[in-house]
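Chemist: build the 3D model from these lines:
(chains A, B, C and D)
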Number of protein chains: 2
Amino acid sequence: MNAAEAVETIQREMTIFARRARASAGRMHPELSLVSYTLLGHLEERGGCRATDLAAHYALDKSTVSRQVAALERAGLIERRVDAEDHRVQVLHLTEAGRRILAQVTESRRAAFQARLADWPEQDLARFADYLVRYNAWAPQEPDDA
Amino acid sequence: MNAAEAVETIQREMTIFARRARASAGRMHPELSLVSYTLLGHLEERGGCRATDLAAHYALDKSTVSRQVAALERAGLIERRVDAEDHRVQVLHLTEAGRRILAQVTESRRAAFQARLADWPEQDLARFADYLVRYNAWAPQEPDDA
DNA sequence: AGTACAAGTTGTACTATACAACTTGAATCC
DNA sequence: GGATTCAAGTTGTATAGTACAACTTGTACT
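Modeler: Numbers count the residues shown, from 1 in each chain, chains lettered A, B, ... in the order given. Okay, here's the model as predicted:
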């Protein structure tokens, strides 16, 4: 396989994956869409942040985030605390339920990936992980995947 | 990096990619969504096929395919020919315009991937391509990406 | 002929998304 | 210190992609 062929294969396979991923994620975890999952995960990592930060970080419109956040709050997975310094700002925090659901979906996703990759040699796993990191790290200023 | 860490990294990076891909594809190629592109590509490869085949192959509902096909026909990119043998069946074919647009988007996508992977050593490209194929080939009967 | 199945279409609904207009609060600038 | 400008969020509106269910039409099998 020469370089041009490899690039073509990467392109094709990434496209296949991209096309499938969201729908599949929804089917696997009806309780938490891929977006919600990502946002919750971010909140967990950071221990709370603003809606605007989420929008910026994930290249989403603030209205989109606003609605996602509203849904997550309605579901009782996060709560908003108005910032004492700046009353425009709402700092978002996971609730206990949010933390629980997040952990549960994380675990179920982990298990699915684990199963899928179970019989890969460790060296291949390490290389694949490394390639993906390198691939995604490209040009963060202009995301143009797929 | 041990196996568990590698699996976790793969999971995280695939998720990031999945979340970004569609929107980015849309922004890059407003004239052809990722789905349309995929369907057109399939038609090109096979030299025409039925809507049902597309649905089965891409795990889409037949109604979804029906509307996609309708849109592509409206845009003049494909045409339907009722099968002489079985009048229920419509065999879909690319039109000249469809072939042109497809080639154009393919080229622009190819260039984007090319640029992104330009400074990867050939061996890494080959391995990455191989890993992706292996990853996507898993359990075609139950797609559960991301 | 009659029943069962297959291909496609259409009605309906939902999710994710963006853009634009708006509200509310903070900060800056004469 | 009031007026202007900017930032955070919300809401209205629109679009794409998707699924499921109900339906139509055509084929095949008994």
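Chemist: let me see the contact set for the closest residue to A:Thr38 other than its chain neighbours.
Modeler: Nearest residue to A:Thr38 in three dimensions, chain neighbours excluded: B:Arg19, at 6.0 Å (C-beta to C-beta, 6 or more residues apart in numbering or on different chains). For glycine as for every other residue, the C-beta is placed from the backbone atoms N, C-alpha and C. Residues in contact with B:Arg19 (C-beta atoms under 8 Å, 6 or more residues apart in numbering or on different chains) are A:Arg22, A:Leu34, A:Val35, A:Thr38, A:Tyr58.
Chemist: burial of the closest residue to A:Val69 other than its chain neighbours, as a residue count?
Modeler: Excluding the flanking residues, the one nearest A:Val69 by C-beta to C-beta, 6+ apart is A:Ala51, at 5.5 Å. Using other C-beta atoms under 10 Å in any protein chain shown, A:Ala51 has 21 neighbouring residues.
Chemist: could you measure from A:Ala51 over to A:Thr106?
Modeler: Per C-beta to C-beta, to the nearest Å, A:Ala51 is found 22 Å from A:Thr106.
Chemist: quick check, central residue of chain A?
Modeler: Central residue of chain A (C-alpha atoms, centre = their mean): A:Thr38, 3.3 Å from the mean position.
Chemist: tell me how far it lies from A:Gln68.
Modeler: Separation of A:Thr38 from A:Gln68 (C-beta to C-beta) stands at 10 Å.
Chemist: in chain A, what helix or strand scores lowest on average pLDDT?
Modeler: Sorting the helices and strands of chain A by mean pLDDT, DSSP states H and E puts helix A:3-28 at the bottom, at a mean of 76.
Chemist: quick one, it and helix B:3-28 angle?
Modeler: With axes from the mean of the first three to the mean of the last three C-alpha atoms, to 10 degrees defining the directions, helix A:3-28 sits at 100 degrees from helix B:3-28.
Chemist: now helix A:3-28, how far from the chain's geometric center?
Modeler: 16 Å (C-alpha atoms, centre = their mean, to the nearest Å).
Chemist: show me where pLDDT drops low in chain A?
Modeler: Residues of chain A meeting the criterion pLDDT under 70: A:22-28, A:138-146.
Chemist: residues in contact with the closest residue to A:Ala129 other than its chain neighbours?
Modeler: Leaving aside its sequence neighbours, A:Ala129 sits nearest to B:Thr9 (C-beta to C-beta, 6+ apart; 3.8 Å). When contacts are counted by C-beta under 8 Å, 6+ apart, B:Thr9 touches A:Ala129, A:Leu132, A:Val133, B:Met1.
Chemist: mind putting those in JSON lines, distance to DNA strand D included?
Modeler: Below are those laid out as JSON lines (distance: C-beta to the nearest atom of the strand, whole Å):
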{"residue": "A:Ala129", "distance to DNA strand D": "27"}
{"residue": "A:Leu132", "distance to DNA strand D": "22"}
{"residue": "A:Val133", "distance to DNA strand D": "27"}
{"residue": "B:Met1", "distance to DNA strand D": "33"}
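Chemist: just the residues you listed now: which is nearest B:Arg81?
Modeler: Using C-beta to C-beta, A:Leu132 comes nearest to B:Arg81 of these, at 42.2 Å.
Chemist: the closest one - nearest residue in space that isn't next to it in sequence?
Modeler: Leaving out its chain neighbours, the residue that sits closest to A:Leu132 by C-beta to C-beta, 6+ apart is B:Glu13, at 3.6 Å.
Chemist: put the alpha carbons of stretch A:66-81 into CSV.
Modeler: Extracted C-alpha coordinates of stretch A:66-81, given in CSV (Å, rounded to 0.1, in the frame of the first residue of the first chain):
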residue,chain,number,x,y,z
SER,A,66,-28.5,26.8,25.6
ARG,A,67,-31.0,24.2,24.5
GLN,A,68,-28.8,21.3,25.4
VAL,A,69,-28.2,22.7,28.8
ALA,A,70,-31.9,23.3,29.3
ALA,A,71,-32.7,19.7,28.4
LEU,A,72,-30.0,18.4,30.8
GLU,A,73,-31.3,20.6,33.5
ARG,A,74,-34.8,19.4,32.9
ALA,A,75,-33.5,15.9,33.2
GLY,A,76,-32.0,16.8,36.5
LEU,A,77,-28.4,16.0,35.3
ILE,A,78,-27.0,19.4,35.8
GLU,A,79,-27.8,22.5,37.7
ARG,A,80,-27.0,26.2,37.1
ARG,A,81,-25.6,28.6,39.7
